[in-house]
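**Q** Pasting the sequence and the predicted coordinates here, then a few questions.
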Amino acid sequence: MEQQQKIQQLKAHLEGFLLQLDNLDPSKASVEDIDQLIKIIESMEEDLQ
């Protein structure tokens, strides 16, 4: 994958991550919610390699 495509893909993942994080109510967050955020981070990490 070309470097510019990687950057665009990572930006999209990061935007999705930040949106979910902003919409997450800490008092109502479940283990599954946190798990989903971790999966997004892991996906971004894989895309960097």
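**A** Right, received. Where do you want to start?

**Q** remind me which residues of the chain are low pLDDT?
**A** 1 (pLDDT under 70).

**Q** what comes into contact with stretch 18-38?
**A** 17, 40 (Cβ atoms under 8 Å, 6 or more residues apart in numbering). In short, each C-beta sits where N, CA and C put it, glycine included.

**Q** residues of it that come out buried?
**A** Neighbour-count burial for stretch 18-38, counted by 16 or more other Cβ atoms under 10 Å, picks out 33, 37.

**Q** Now do the helices in this protein.
**A** Taking DSSP state H as the criterion, the chain carries its helices at 3-23, 31-48.

**Q** How far does the longest one sit from its chain's centre?
**A** Mean C-alpha position of helix 3-23 versus that of the full chain (Cα atoms, centre = their mean, to the nearest Å) differs by 6 Å.

**Q** how about that helix: buried residues?
**A** Buried residues in helix 3-23, counted by 16+ other Cβ under 10 Å: 13, 17.

**Q** what angle separates that helix from helix 31-48?
**A** With axes from the mean of the first three to the mean of the last three Cα atoms, to 10 degrees defining the directions, helix 3-23 sits at 170 degrees from helix 31-48.

**Q** Keeping just the C-alphas, turn helix 3-23 into PDB.
**A** Taking C-alpha atoms only, helix 3-23 is exported to PDB below (Å, rounded to 0.1, in the frame of the first residue of the first chain):
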ATOM      1  CA  GLN A   3       2.300   5.700   2.000                       C
ATOM      2  CA  GLN A   4      -0.400   8.300   1.200                       C
ATOM      3  CA  GLN A   5      -3.100   5.700   1.200                       C
ATOM      4  CA  LYS A   6      -1.800   4.400   4.600                       C
ATOM      5  CA  ILE A   7      -2.000   7.900   6.000                       C
ATOM      6  CA  GLN A   8      -5.500   8.400   4.800                       C
ATOM      7  CA  GLN A   9      -6.700   5.000   6.100                       C
ATOM      8  CA  LEU A  10      -5.100   5.800   9.500                       C
ATOM      9  CA  LYS A  11      -6.800   9.200   9.600                       C
ATOM     10  CA  ALA A  12     -10.200   7.500   8.900                       C
ATOM     11  CA  HIS A  13      -9.600   5.000  11.700                       C
ATOM     12  CA  LEU A  14      -8.500   7.700  14.100                       C
ATOM     13  CA  GLU A  15     -11.500   9.800  13.300                       C
ATOM     14  CA  GLY A  16     -13.800   6.900  14.000                       C
ATOM     15  CA  PHE A  17     -12.000   6.100  17.200                       C
ATOM     16  CA  LEU A  18     -12.200   9.700  18.400                       C
ATOM     17  CA  LEU A  19     -15.900   9.900  17.500                       C
ATOM     18  CA  GLN A  20     -16.600   6.700  19.500                       C
ATOM     19  CA  LEU A  21     -14.500   8.000  22.400                       C
ATOM     20  CA  ASP A  22     -16.400  11.300  22.500                       C
ATOM     21  CA  ASN A  23     -19.800   9.600  22.400                       C
END
